[in-house]
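> give the three-dimensional model of this entry:
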Amino acid sequence: MNLHRKGRAALVLALVVVVAMAFRVSWNALRDIAGAIGADDTAAMLYPFVVDGLMALALIATLVLAGRDRTFALRVLAGYTIASLVLNYVHGLVPELHGRSVDWGRLADWDPANWALVLLATSLPVGSIYFGSDLVAKVLHHRPTPVTAPTANAEESTETVRNRSSSDLAVSTLAPIAPNAPVLPRPVAVGFLKSTVPAKPVQAIEQSSAAPIESRAVAAESTRPRRATGRVPEVARTPRPKRTPDELLDEARKATADWPDAKLTAEGIRREVRTSPANARILRDTLRGERGLQAV
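All right, here's what the predicted structure looks like:
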């Protein structure tokens, strides 16, 4: 990247040097032409800047502008280049211009050619004002078009659209098939005064239309058992038979017959008989009373 920048800088510098030397070579010719058409010493010294200076301005505008504006800048550059070439050519053909011994306003012996050359030399300063102002205005109002960076996934996105599976596409339905129209028998040529039996029309075979295929979403079946996530309603619960106090006492006696006195607690009775804490406490007091123990 550094070498690339250095190369561009060297190219621009070489262009500036070439333009400066060409401007110096053309200086004498344009100055003598300006003196021949009536310009004083100061105007004759500034005349080369008017012609060759606008050429440099048009060259810069050509590098900056684009489209129709660039074409306009190229035309201005070409026009002033041709005008400078013509004036330098006339300066080389007329030796009297070098010593300023030519008559005032006389650039050629033939009158039409002299008139054209004088018109060209005197119109270049006015054209420099017009075309130079226009080029500067175009450069100042020029807005370069932004360069959009290429999308990295552009090719991938196109391939994704192109390689879509058939399941992603819209479901196509078959067009209904219209049944065949009834076909009449072909007419048969009959002789004169000969009776014929009218033929019966043949019924066409009806074809069943294909029903359109409908796409339905089917839920996936799971092999894992589903966990209960809420309270089971009373209707869905298995009914448990209610036991009377005597039945609970009998079950508690049988379950705690071999228990020691220290193990005879309400919590142990409740777990063994599967009853409520209130019933377990009642059963505990009853059983401890039967064993002659003090109620808790």
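
> give me the neighbour count for V76.
24 (other Cβ atoms under 10 Å). (Glycine included, C-beta is placed from N, CA and C.)

> which element is it on?
Assigned by DSSP states H and E, V76 belongs to helix 68-93.

> buried residues in that helix?
Of all the residues in helix 68-93, those buried under the rule 16 or more other Cβ atoms under 10 Å are 69-70, 72-73, 76-77, 79-80, 83-84, 87-88, 90-91.

> dump these to CSV, plus pLDDT.
Output for those, formatted as CSV (pLDDT from 0 to 100):
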residue, pLDDT
D69, 93
R70, 93
F72, 94
A73, 93
V76, 95
L77, 93
G79, 95
Y80, 94
A83, 93
S84, 92
L87, 91
N88, 89
V90, 88
H91, 84
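
> out of those residues, which is nearest to R8?
Within the buried residues of helix 68-93, proximity to R8 (Cβ to Cβ) peaks at R70, which comes in at 19.8 Å.

> picking that back up, elements contacting the helix holding V76?
Taking 3 or more Cβ pairs under 8 Å, 6 or more residues apart in numbering; DSSP states H and E as contact, the helices and strands that helix 68-93 lies on are helix 2-36, helix 41-64, helix 96-99, helix 111-140.

> between the buried residues of helix 68-93, which is closest to M55?
Looking across these and measuring by Cβ to Cβ, the closest to M55 is Y80, at 4.9 Å.

> show the contacting residues for that closest one.
Counting by Cβ atoms under 8 Å, 6 or more residues apart in numbering, Y80 touches 51, 54-55, 58, 124, 127-128, 131.

> go again using 7 Å as the cut-off
Residues in contact with Y80, defined by Cβ atoms under 7 Å, 6 or more residues apart in numbering, are 51, 54-55, 58.

> most tightly surrounded among the helices and strands packed on helix 68-93?
By mean neighbour count, with neighbours taken as mean count of other Cβ atoms under 10 Å, helix 41-64 ranks first of the helices and strands packed on helix 68-93 at a mean of 17.

> now the angle from that one to helix 2-36?
150 degrees (axes from the mean of the first three to the mean of the last three Cα atoms, to 10 degrees).

> and the contacts of helix 41-64?
Contacts of helix 41-64 (Cβ under 7 Å, 6+ apart): 19, 23, 26-27, 30-31, 34-35, 39, 70, 73-74, 76-77, 80-81, 83-84, 124-125, 128, 131-132, 135, 138-139, 142.

> make a markdown table from the contacts of Y80 and add distance to R243 and pLDDT to it.
Supplementary listing: those in a markdown table, determined by distance: Cβ to Cβ, whole Å; pLDDT from 0 to 100:
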| residue | distance to R243 | pLDDT |
| --- | --- | --- |
| V51 | 126 | 91 |
| L54 | 120 | 92 |
| M55 | 120 | 91 |
| A58 | 115 | 92 |
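
> returning to that earlier point: please identify which of the helices and strands packed on helix 68-93 is closest to K254.
Of all the helices and strands packed on helix 68-93, helix 2-36 sits nearest to K254, with 102.6 Å by Cβ to Cβ.

> that closest one packs against which elements?
Using 3 or more Cβ pairs under 7 Å, 6 or more residues apart in numbering; DSSP states H and E as the contact criterion, the secondary-structure elements in contact with helix 2-36 are helix 41-64, helix 68-93, helix 96-99.

> which SS class is G38?
The local conformation at G38, judged by DSSP: H, G, I helix; E, B strand; the rest coil, is coil.

> and it, its phi and psi?
Geometry field for G38 lists phi and psi as phi 110, psi 10, criterion degrees, to the nearest 10.

> skipping adjacent residues, who's closest to E272 in space?
A255 (4.6 Å; Cβ to Cβ, 6 or more residues apart in numbering).

> pLDDT weak spots in the protein?
1-3, 95-96, 98-106, 146-230, 232-240, 295-296 (pLDDT under 70).

> how about a cut-off of 90?
With pLDDT under 90 as the threshold, the chain has low-confidence stretches at 1-41, 44, 52-53, 56, 59, 63, 88-115, 117-118, 142-296.

> give me the neighbour count for D261.
Applying other Cβ under 10 Å, we find 10 other residues in the vicinity of D261.
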